[in-house]
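>>> Next come a sequence and a model predicted from it.
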Amino acid sequence: MKHADDKGSGLSGSDTADYVTMSIGGQLFGVPVLQVHDVFSPSKLAHVPMAPPEVAGVLNLRGRIVRAIDMRQRLGYEPREPGSQVMVVVIEYQGEPYSLLVDSVGEVLSLAGSAFERNPSNLDSNLRDLSEGIFRLDNKLLVVIALERVI
């Protein structure tokens, strides 16, 4: 498996790519829109005994059982307050669906490949471990999630 540092964003300087944005613990993240299959508010998660802590459970998505990964837990953030909002972003990785539990989902941004940067050395290690790189936006940093590192 290649790490993102070996492959970059897959964009050349003149290309643009669309990213679905989401917020986790106040940080802005992005996933390529072509990897996102669904976004919704979950109704029920089934607990999985003896699963790793980041696996919040499984959900039934149109007859398919899909693992739900709590991105707050995966990033080492504080747990959500009971009753707080959670959204599900269903992504596909190697032909299998996975759901990412995030705090909120934002807009789709079209970003130029020339604006993509490799992870800076001062990026928090939890972010760096799950990131493919970043985009510096006007007033915030968009961290591009490397799905192969999350899964």
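Here it is on my side, so go on. As the structure is a computational prediction, the values presented were derived from the model and not from experiment.
>>> And the helices in the protein?
Here the chain has its helices, by DSSP state H, at 4-7, 71-74, 125-130, 147-150.
>>> which one of the ones you listed is the most hemmed in?
Across these, the average number of neighbours (mean count of other C-beta atoms under 10 Å) peaks for helix 71-74, which reaches a mean of 21. In this view, the C-beta of every residue, glycine as well, is placed from N, C-alpha and C.
>>> just checking, what packs against it?
Under the contact definition 3 or more C-beta pairs under 8 Å, 6 or more residues apart in numbering; DSSP states H and E, helix 71-74 sits against strand 96-102.
>>> And the strand it packs on, what's buried?
97-102 (16 or more other C-beta atoms under 10 Å).
>>> which one of those residues is nearest Asp129?
Distances from Asp129 to the buried residues of strand 96-102, taken as C-beta to C-beta, are shortest for Leu100 (15.5 Å).
>>> Nearest spatial neighbour of that closest one, chain-adjacent residues omitted?
Nearest residue to Leu100, sequence neighbours excluded (C-beta to C-beta, 6 or more residues apart in numbering): Val89, at 4.7 Å.
>>> What of Val150?
Leu130 (5.6 Å).
>>> what separates the one you found from Asn119, distance-wise?
Between Leu130 and Asn119 the computed distance is 10 Å (C-beta to C-beta, to the nearest Å).
>>> What of Val108?
Distance from Val108 to Asn119, by C-beta to C-beta: 23 Å.
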